[in-house]
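> After the sequence you'll find the predicted model.
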Amino acid sequence: MSRLAARLALGLCLATHVAAQTSTSCNPLHKTCPADPALGTTFDTTFNESTTQFDPSLFKVVAGEDLISFTSEGAELTISEQGQSVTVQTAFYVFFGQIEVLFKAATGQGIISTFNMLSDDLDEIDVEIMGGNTSYTSTNFYGWGNTSQFNTLYIPSTGGSWGTQGAMGAIHNYTVNWTPQSLQWIFDGQVVRTVANEPAGQWPQTPSYMKFGIWAGGDPSNPPGTIKWAGGETDYSKGPFTMTVQSIRMIDGHQNASSYTYGGNSGSWQSIDVAAGESAAYKAINHKQTTAIQNAEQKWNGLSTTAKIGIAAGVGGGFVIALIAFVFYCIKQRRAGRREKALADQEWEKQQSELVQYRHQMKRGYYAVSSSAPGRKF
Ligand SMILES: *[C@@H]1O[C@H](CO)[C@@H](O)[C@H](O)[C@H]1NC(C)=O
Ligand SMILES: *[C@@H]1O[C@H](CO)[C@@H](O)[C@H](O)[C@H]1NC(C)=O
Ligand SMILES: *[C@@H]1O[C@H](CO)[C@@H](O)[C@H](O)[C@H]1NC(C)=O
Ligand SMILES: *[C@@H]1O[C@H](CO)[C@@H](O)[C@H](O)[C@H]1NC(C)=O
Ligand SMILES: *[C@@H]1O[C@H](CO)[C@@H](O)[C@H](O)[C@H]1NC(C)=O
């Protein structure tokens, strides 16, 4: 009875919750598409034993849900048989900004650990790690999913922070810093590649969601070209193969944005309309509803039987006490969430001030040409 009351009380807390929606099936180069839900803030999360799942208001697990487990090191994405893969994607989009994923790549010839930024008109930014190659990691990008573009650049990953096992030895920091002027890959704090902007269709510049996961490019059923690219055929008897994702931090280039809409079919960043306001992601991050409901249930379960009987005592009285207690609890949770956010914001102030500058430039329609050196193309 009182447990029901608790649930009802929390239900009231949750009343403002809005589930994020995405649309990836509509290409805005060819038609009018629904708005993309924005991140519109900074999102920072660490996966570990206390994580039970990818928060469904922020992530969608699109493949291999049963191949994920959470350990003290992070979220472990494991494949051990032909046909398996794990793909997780954000339920929100960022429009420029900084995207940081800390992970340990899986070992295994032909096994790819990856994260990508993908837009509705198929702009793409990639980090791809071949599990059979301890010497190089790979960076790539596309405009409009045009596969005639060859922008892959292999980045040496030996010595220094990489040790002898390359990306497979430990957790490394893979960061993409993306502005209207340039696209940068920063691995373990070192800028390893900078690519200056190019016109739409040649260079990624539209709102993108983030996708990460593990797959077998070396699966014997794949085309020979894919197997070669992946570094050779995968031998599943050497598995299981595990990618460990420790944490993710994403700073949307547009803060206080609730959604992004393509204004026309040009696919240029100047054509994107930014709607201001609190995004669904912002609400999910700052109100922490999911955590509140889990913690409240744990608290209830942890109470002594006497306490439970006490609460359950008078039906009416018990209900009111539970209601007040849990509403109070909700408020406390929200405050804690805001404190955490304030700290994170402070840490990122420097980068954000840079982003703010870009936003001003965009608002004024000012388009500075970057002096960054373009990357070598392989
Ligand atoms: C998980 O990570 C969070 C955030 O960094 C930390 O507060 C918590 O203590 C960690 N829990 C475990 C079980 O490692
Ligand atoms: C690692 O990748 C680089 C770049 O493609 C390539 O030159 C090298 O041969 C690869 N090494 C292995 C062991 O596959
Ligand atoms: C695809 O990219 C190539 C190389 O940049 C370019 O020559 C070609 O025109 C592009 N195709 C389309 C359809 O945009
Ligand atoms: C990851 O690298 C980026 C870029 O250098 C840096 O700003 C960020 O603080 C790093 N993250 C962690 C958790 O060290
Ligand atoms: C966010 O956008 C809303 C809606 O336009 C606006 O009322 C509010 O002042 C903005 N907040 C900030 C911090 O810019």
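That came in fine, so what should we check first? Ligands and ions are numbered 1, 2, ... in the order given.

> Please name the nearest non-neighbouring residue to V192.
Excluding its sequence neighbours, the residue lying closest to V192 (CB to CB, 6 or more residues apart in numbering) is I155, at 4.6 Å. Every residue, glycine included, has its C-beta placed from N, CA and C.

> Go ahead and confirm the one you found touches N140.
No. Under the criterion of CB atoms under 8 Å, I155 makes no contact with N140, lying 10.9 Å away.

> So in terms of bridging, what pairs with the closest residue to ligand 4 within the stretch 1-150 of the chain?
Taking CB to the nearest ligand atom as the measure, the stretch 1-150 of the chain has E100 as its residue closest to ligand 4, at 4.9 Å. Under DSSP bridges, the beta-bridge partners of E100 are T175, R249.

> any idea how far it lies from L153?
Separation of E100 from L153 (CB to CB, to the nearest Å): 19 Å.

> And for H172?
In terms of CB to CB, H172 sits 17 Å off from L153.

> Look at these two and report which has more neighbours.
Neighbours were counted for H172 and for L153 using other CB atoms under 10 Å; H172 has more, 21 against 18.

> residue contacts, that one?
Residues near H172 by CB atoms under 8 Å, 6 or more residues apart in numbering: 102-104, 161-162, 187-188.

> Pipe those residues into TSV and attach neighbour count, distance to ligand 2 and secondary structure per row.
Below are the contacts of H172 laid out as TSV (neighbours: other CB atoms under 10 Å; distance: CB to the nearest ligand atom, whole Å; DSSP: H, G, I helix; E, B strand; the rest coil):
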residue	neighbour count	distance to ligand 2	secondary structure
L102	19	22	strand
F103	29	19	strand
K104	22	18	strand
S161	13	18	helix
W162	20	13	helix
F187	20	15	strand
D188	16	18	coil
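
> I'd say A63 and I79 touch.
No. Counting by CB under 8 Å, A63 stays clear of I79, with 10.2 Å between them.

> The closest residue to S69 other than its chain neighbours in helix, strand or coil?
Nearest residue to S69, sequence neighbours excluded (CB to CB, 6+ apart): E76, at 5.1 Å. At E76 the chain is in strand, as set by DSSP: H, G, I helix; E, B strand; the rest coil.

> For E76, which residues count as its bridge partners?
For E76, the beta-bridge partners are S69, T244 (DSSP bridges).

> What about it, how many residues nearby?
E76 has 20 neighbouring residues, counting by other CB under 10 Å.

> measure it to P207 for me?
Distance from E76 to P207, by CB to CB: 30 Å.

> give me phi/psi at N222?
phi -80, psi 160 (degrees, to the nearest 10).

> For the residue of the chain at minimum distance from ligand 5, list each beta-bridge partner.
Evaluated by CB to the nearest ligand atom, the chain has A276 as its residue closest to ligand 5, separated by 3.3 Å. Applying DSSP bridges to A276 gives these bridge partners: A257.

> quick one: contacts for it?
Residues counted as contacts of A276 (CB under 8 Å, 6+ apart) are 256-258.

> How is the chain divided into domains?
Structurally, the chain divides into domains by automatic domain parsing as follows: 3-289, 303-378.

> Can you add mean pLDDT and give these back as a markdown table?
Shown next, in a markdown table, are the domains of the chain (pLDDT from 0 to 100):
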| stretch | mean pLDDT |
| --- | --- |
| domain 3-289 | 92 |
| domain 303-378 | 43 |
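
> more neighbours, I155 and N140?
Using other CB under 10 Å as the criterion, I155 and N140 rank with N140 on top: 20 against 17.

> The more buried one is in contact with E128, isn't it?
Yes. Here N140 reaches E128: they are 6.7 Å apart, a contact under CB under 8 Å.

> Not counting residues beside it along the chain, what's closest to whichever residue of the stretch 101-250 of the chain sits closest to ligand 3?
Using CB to the nearest ligand atom, the closest approach of the stretch 101-250 of the chain to ligand 3 is made by N146 at 3.6 Å. Among residues not flanking N146 along the chain, G201 sits closest, at 6.8 Å (CB to CB, 6+ apart).

> near ligand 5, which residues of the chain show up?
256, 276-277 (CB under 6 Å from any ligand atom).

> how many neighbours does the nearest residue to S80 once chain neighbours are set aside have?
Leaving aside its sequence neighbours, S80 sits nearest to P240 (CB to CB, 6+ apart; 3.7 Å). P240 has 14 neighbouring residues, counting by other CB under 10 Å.

> Equivalent analysis for the one 4 residues further on, please.
T244: 21 surrounding residues under other CB under 10 Å.

> Looking at A63 and I79, which is more packed in?
The neighbour comparison of A63 against I79 (other CB under 10 Å) goes to I79, with 26 against 15.

> hang on, isn't that one packed against G64?
Yes. Using CB under 8 Å, I79 makes contact with G64 at a distance of 7.3 Å.

> okay, and the common contacts of the two?
When contacts are counted by CB under 8 Å, 6+ apart, I79 and G64 are jointly contacted by 85-86.

> ok, how many other residues are close to T78?
Neighbour count of T78, defined by other CB under 10 Å: 18.

> any idea which element whatever residue of the stretch 151-300 of the chain ends up closest to ligand 1 lies in?
Residue nearest to ligand 1 within the stretch 151-300 of the chain (CB to the nearest ligand atom): S247, separated by 7.8 Å. Here S247, judged by DSSP states H and E, is contained in strand 241-252.

> tell me what that strand is packed against?
Applying 3 or more CB pairs under 8 Å, 6 or more residues apart in numbering; DSSP states H and E, we find strand 241-252 packed against strand 42-46, strand 75-79, strand 97-104, strand 208-216, helix 349-363.

> That concludes my questions; thank you for your assistance.
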